[in-house]
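Colleague: the sequence and its predicted three-dimensional model are supplied below.
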Amino acid sequence: MLEIWRIESSPNRQTALSAIIVLAGLILAYGFRNFDASGMTNSLSGFLLGILLLIIGVPCFVMGGKQKITIDPAAKIILIEDKNRFRQKKRLIVFSEITGAHVSEFGKRSNGTVTYYISLNLKSGKTYPLFYPAYYEGRWSRMVAESRLNILMTYLHG
């Protein structure tokens, strides 16, 4: 008989990554604050990139949290718990609701920012992402996502 499978995201790594993005944004915005406003210049681009990084990094830093996924083969359920500074949310998916699962990706291969996760196909016609958007070890490795998918399929059909 299969045991309960629990996996948690790494909020410390997510916070560290967010802090690095905020810091880079602050350095760029401050460093290029005296940009030449007469036209499209490199200094204007540097300033706007800094602002963009701040717009991305600050919400990630503030809203970052922890995700915990529990797969219980005896109860035939997947429990997803999301917790951040402002809210706590739980989602329960019964095995019988799942019609299939596959590895999905987010990002561009050309710049090396592809994140892999598992998409559950539900009877309702919707898909639900597992191991996304929180920071999980191996999120940039297709092999890790495929390994998780194989384990999940063992639980679903076990």
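Modeller: All right, it came through fine.
Colleague: need the strands for the protein, in chain order.
Modeller: Along the chain, counting by DSSP state E, strands occupy 5-8, 65-72, 77-84, 88-94, 98-106, 115-122, 127-130.
Colleague: distance to Pro59 added to those strands, as TSV?
Modeller: Every residue, glycine included, has its C-beta placed from N, CA and C. Below are these laid out as TSV (distance: least, C-beta to C-beta, whole Å):
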stretch	distance to Pro59
strand 5-8	22
strand 65-72	12
strand 77-84	11
strand 88-94	17
strand 98-106	17
strand 115-122	17
strand 127-130	19
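Colleague: CSV please, covering those strands and showing distance to Leu152 and mean neighbour count.
Modeller: Shown next, in CSV, are these (distance: least, C-beta to C-beta, whole Å; neighbours: other C-beta atoms under 10 Å):
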stretch, distance to Leu152, mean neighbour count
strand 5-8, 8, 14
strand 65-72, 7, 19
strand 77-84, 8, 17
strand 88-94, 11, 12
strand 98-106, 6, 14
strand 115-122, 6, 18
strand 127-130, 7, 17
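Colleague: export these to TSV and tack on mean pLDDT and distance to Gly50?
Modeller: Below are the strands of the chain laid out as TSV (pLDDT from 0 to 100; distance: least, C-beta to C-beta, whole Å):
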stretch	mean pLDDT	distance to Gly50
strand 5-8	93	33
strand 65-72	92	26
strand 77-84	93	25
strand 88-94	95	32
strand 98-106	94	24
strand 115-122	94	24
strand 127-130	94	30
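Colleague: can you tell which of those is closest to Met143?
Modeller: strand 115-122 (8.8 Å; C-beta to C-beta).
Colleague: what lines up beside the closest one in the sheet?
Modeller: strand 98-106 (antiparallel), strand 127-130 (antiparallel) (DSSP bridges).
Colleague: identify the residues contacting the shortest one?
Modeller: The contact list for strand 127-130 (C-beta atoms under 8 Å, 6 or more residues apart in numbering) reads 69, 78, 80, 91, 93, 101, 104, 117-122, 148, 152.
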